[in-house]
Structure formats: C-alpha cells, structure tokens
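Visitor: next come a sequence and a model predicted from it.
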Amino acid sequence: MKTIEAFKKIMNEQTEIALATSVEEIPNVRIVNFFYDETKKCLFFSTFKENKKITEFQKNPNVAFTTIPNEQVNHVRVHDAQVKKSELSVYDVAEQWIQKIPSYEENIKLAGAMLDLYEIHFGEAIVILGIDSRETIIL
C-alpha cells in the first residue's frame, strides 16, 4: 500500500486522536473524536463551548496529534499543526460525522447547540505502518 493511500485509510477508519497543546511550557493532551476532510485538507473535531482547551488554543494555536489505532499499530502523527475555530458548525458537518461515527448523531441531537467546531490544519504527516515503516508525507 502506498503511503498516501495508507494515510487516507487511517484518517477514514480511526475515530480518535490524542491532541496535544502547550501553554507556558506546560503540555496537555486529551482524546477527541475527529474526521478528516480530504477536500479541505483539515481535521475537524468538536468541543463544548467554554471548555478549558479553547483557552489553550487561544493562547497557543500550535498543536500536535496522533491518531489512536484500533487493533493494528498503523497510525498518523503530526508535529506542526495549527488549530482554529471553524466558521462551520457541527450541524454543517453532521453528515460527515455520522458517516464516520454513527453514534455521533445522538451527540449532535442532544448537545449540538453547546458544541463549537474546530479545525486542525497541517502540511505534512508521519505515517507509521508497523515497526519498520515510517514515512513523512507532504499534503
């Protein structure tokens, strides 16, 4: 499998990332659900309005993340990314969320008005396909 194809497969199949922030040299990491929009070349996730991580994004929009593998070790890592609040809402991308994570439909119904949508933009990613396969791709 070519690396770019593996990247797309991982981003389409894995549902969570470990998202790392850092403010005043204090790192913080959390697990969030996501989907990747290949057309916009960015990753989307939502969070409750006024969540602590929003303050962290405002202080330092530079983030890193890794996808969380399901059963295999294949995953994507990104060191140099920027997070920003999306101009879209969770309702605007509901179809993409539900297609990837069907149970997310209930989240949108119950809490959609309390959620903000965020985008993570990045230009390159490290694709890890086992112990001996690690390649950086440019998007």
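Guide: All right, it came through fine. These numbers were taken from a predicted model, which means no experiment stands behind them. Numbers count the residues shown, from 1 in each chain.
Visitor: next structured bit after the worst-scoring helix or strand of the chain on mean pLDDT?
Guide: One helix or strand of the chain scores below all others by mean pLDDT, DSSP states H and E: helix 52-59, with a mean of 92. Next in sequence after helix 52-59, counting helices and strands by DSSP states H and E, comes strand 62-67.
Visitor: and the least confident helix or strand of the chain, what does it pack onto?
Guide: strand 16-23, strand 26-33, strand 75-85 (3 or more Cβ pairs under 8 Å, 6 or more residues apart in numbering; DSSP states H and E). Any C-beta I mention is one placed from the backbone N, CA and C, and that applies to glycine too.
Visitor: send me stretch 102-112 as PDB with only the CA atoms.
Guide: Output in PDB follows, covering the C-alpha atoms of stretch 102-112 (Å, rounded to 0.1, in the frame of the first residue of the first chain):
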ATOM      1  CA  PRO A 102     -22.900   6.800  13.600                       C
ATOM      2  CA  SER A 103     -23.300   7.200  17.300                       C
ATOM      3  CA  TYR A 104     -22.300  10.900  16.900                       C
ATOM      4  CA  GLU A 105     -25.800  11.600  15.600                       C
ATOM      5  CA  GLU A 106     -27.100  11.400  19.200                       C
ATOM      6  CA  ASN A 107     -24.400  13.800  20.400                       C
ATOM      7  CA  ILE A 108     -25.400  16.300  17.800                       C
ATOM      8  CA  LYS A 109     -29.100  16.000  18.700                       C
ATOM      9  CA  LEU A 110     -28.500  16.300  22.400                       C
ATOM     10  CA  ALA A 111     -25.600  18.800  22.600                       C
ATOM     11  CA  GLY A 112     -25.100  20.300  19.100                       C
END
